[in-house]
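Asks: after the sequence you'll find the predicted model.
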Amino acid sequence: MGKLTKKQKDALSKYEAAKEYSLAQAAEILKTISYTKFDASVDIDVRLGVDPRKADQMVRGVATLPHGTGKTVRVLVLCTPDKEAEAKEAGADFVGLDEYITKIEQGWTDVDVIITMPNVMAKVGKLGRVLGPRGLMPNPKSGTVTPEVGKAVREVKAGKIDFKVDKFGIIHAGIGKVSFDPDKLAENAQEIIATLLRLKPSSSKGTYVRTIHLSSTMSPSVVIDKTTVSGL
């Protein structure tokens, strides 16, 4: 482990790193140990008892955070002309089709979420090499390939996020900002955990939710006491 900075030492002196805390307690601790000059993001990391190499244990889903993410989400809607007005009224930042496909092919990816329609996926599918590595490829499972583009835009703007287990069996998700009330961060975290419990693969054996940690940008992580989490 590298040498700790003065701020890291100060942060670690304000709580017991080896101790487990409730979600609300952890959120409160993060407010005291975050030293960034900006409103830091708060993340939850959940280690699951799954083997992501097995197709039937690939945990992927969406959750609508009750208090949103605190982030300004830039949304691009790739749709047919008859749906453009619906997308714009719902709050999409960019709306179009062929002109944006050309921009993306040239390397433009200055958005956070891309929503499209089933009948234009043949065109959008060509962008997989650009969008896939950036996590921007629309997917029916995450609700970003749908004929109801307006509804999808409103959900994303309201705090709908999608997540996928990584190769180590860990789910990473943003649940808000340090400036959020601790109870709101706890409720957002609880929604992620509840969604994960509903997505438990039938082939997963043993302990499903192994560990839970909360952290903010550049802060140490806080271990969550699973006995304080509803549903576990």
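Replies: Okay, I see it. Numbering: from 1, shown residues only.

Asks: now do the strands in the protein.
Replies: With DSSP state E as the criterion, the chain has strands at 20-21, 41-48, 60-64, 75-78, 94-96, 113-116, 160-164, 170-177, 209-216, 222-224.

Asks: neighbouring contacts of the first one?
Replies: The reference is to strand 20-21. For strand 20-21, the external contacting residues (Cβ atoms under 8 Å, 6 or more residues apart in numbering) are 15, 29, 222-226, 228. Backbone N, C-alpha and C define where each C-beta goes, glycine included.

Asks: let me have the strands of the chain in a markdown table, extended by distance to residue 128, mean neighbour count and mean pLDDT.
Replies: As requested, those are exported to a markdown table (distance: least, Cβ to Cβ, whole Å; neighbours: other Cβ atoms under 10 Å; pLDDT from 0 to 100):
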| stretch | distance to residue 128 | mean neighbour count | mean pLDDT |
| --- | --- | --- | --- |
| strand 20-21 | 41 | 17 | 96 |
| strand 41-48 | 27 | 21 | 97 |
| strand 60-64 | 17 | 17 | 91 |
| strand 75-78 | 13 | 26 | 98 |
| strand 94-96 | 19 | 19 | 98 |
| strand 113-116 | 12 | 25 | 97 |
| strand 160-164 | 16 | 20 | 90 |
| strand 170-177 | 22 | 21 | 96 |
| strand 209-216 | 31 | 20 | 96 |
| strand 222-224 | 36 | 22 | 96 |
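
Asks: and the contacts of strand 20-21, which two are furthest apart?
Replies: 15 and 226 (17.9 Å; Cβ to Cβ).

Asks: ok, those two, which is more surrounded?
Replies: residue 15 (18 against 15; other Cβ atoms under 10 Å).

Asks: which residues does residue 162 contact?
Replies: 60-62, 139, 141-144.

Asks: from these, which is closest to residue 154?
Replies: Nearest to residue 154, judged by Cβ to Cβ, of the contacts of residue 162 is residue 143 at 11.3 Å.

Asks: check contacts around the closest one.
Replies: 62, 152, 155, 160, 162 are the contacts of residue 143 under Cβ under 8 Å, 6+ apart.

Asks: surely the third one meets residue 68?
Replies: No - applying Cβ atoms under 8 Å, one finds residue 155 not in contact with residue 68, separated by 11.1 Å.

Asks: name the single longest helix found in the chain.
Replies: Longest helix of the chain, by residue count under DSSP state H: helix 182-198.

Asks: isn't residue 31 right up against residue 181?
Replies: No - using Cβ under 8 Å, residue 31 is not in contact with residue 181; the gap is 9.6 Å.

Asks: these two: who's more crowded?
Replies: Remark: of residue 31 and residue 181, residue 31 carries more neighbours, 17 against 14, as counted by other Cβ under 10 Å.

Asks: do you know how far the residue nearest to that one when sequence neighbours are not counted is from residue 213?
Replies: Nearest residue to residue 31 in three dimensions, chain neighbours excluded: residue 178, at 5.8 Å (Cβ to Cβ, 6 or more residues apart in numbering). According to Cβ to Cβ, to the nearest Å, residue 178 and residue 213 sit 16 Å apart.
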